[in-house]
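Trainee: got a sequence here, can you model it:
(one chain, ligands or ions: 1)
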Amino acid sequence: MPQTRTFLNDIVSSPVNLALVALICYFSYKLIARTFAKAPSASDPKHRKIEKMPRRDFTLAELREYDGLRRDDGRILVGVLGKVFDMSAGATFYGPGGPYSVFAGRDASRALATFSVDAKLFKDEDDDLSDLTSSELSNVKEWEQQFLEKYPVVGKLLKSGEQPTNYNEVLENEVASKLNAISTAISSKSSSGSGAGDASSEENKKEL
Ligand code: HEM
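Mentor: Sure thing, here's the model as predicted:
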């Protein structure tokens, strides 16, 4: 085996060759690791794609069900300052075993305000946060802003006795008022092109 020995000697004696061999080993390992890596399983809540949820409001008790564990879909909802966020996309943070799993299915306002994950901070009654300092309140408002940029809001977190919003009605009203605005715009356009008198009526409108 003299040829093999010279080849090995060549590699060991030159730092450049050694570095090349190390690089080849590293990239081969990466390639093999990637090839054999387990594909994310559909049942793993951290990789599961969850459909957008229709708008609705929640009581504190209803929210509890959405802790990423109790429901088959693994959905995670978190209440912050009266809003309910769908944080399912952040399952690595809020899902079972995640660092902030205590927030899942809960009103997390107090914990966010005080920068704590203490389970005692999550109450089963309304929390009006009236004892918080202004800096704690501004902490939680900052978190809320951050979440608004990252997670969809599903609806309101209802105070006890508060009635849920009928979002179908809200949607119908929104559509109706948009249609109204469109038809007003169309009719004012068509009448503005139909005679000199109309120009003054436009002026009158401006004065009004
Ligand atoms: C030693 C203490 C802590 C460390 C080192 C730490 C570290 C981190 C890191 C690295 C992230 C990820 C940032 C990103 O990728 O966007 C994060 C996110 C976060 N942390 Fe902490 N954290 C700590 C304590 C806390 C505490 C006490 C709270 C309680 C309010 C908290 C609440 C959060 C929240 C809400 C997020 C955002 C997750 C999201 O984007 O949905 N962290 N933290």
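
Trainee: and this protein, what are its domains?
Mentor: Using automatic domain parsing, the domain parsing of the chain gives 2-36, 60-156.

Trainee: residue 189 should be in a strand, yeah?
Mentor: No - using DSSP: H, G, I helix; E, B strand; the rest coil, the secondary structure at residue 189 is helix, not a strand.

Trainee: check the domains of the chain for me: which has the lowest mean pLDDT.
Mentor: The stretch with the lowest average pLDDT out of the domains of the chain is domain 2-36, scoring a mean of 58.

Trainee: is the ligand within reach of stretch 68-81?
Mentor: No - under the criterion of CB under 6 Å from any ligand atom, the ligand is not reached by stretch 68-81; the shortest gap measures 8.8 Å. Quick note: C-beta positions are derived from backbone N, CA and C, even for glycine.

Trainee: ranges for the helices of this protein?
Mentor: Secondary structure of the chain, counting by DSSP state H: helices at 2-13, 15-36, 60-63, 91-94, 109-113, 134-150, 167-192, 196-207.

Trainee: which parts of this protein sit against the ligand?
Mentor: Contact residues of the chain with respect to the ligand, defined by CB under 6 Å from any ligand atom, are listed as 90, 93, 100, 111-112, 115-117, 150.

Trainee: considering those residues, which possesses the most neighbours?
Mentor: Highest neighbour count within those: residue 112, with 25 neighbours (other CB atoms under 10 Å).

Trainee: can you pull up the most central residue in this protein?
Mentor: Nearest residue to the geometric centre of the chain (CA atoms, centre = their mean): residue 151, 1.8 Å.
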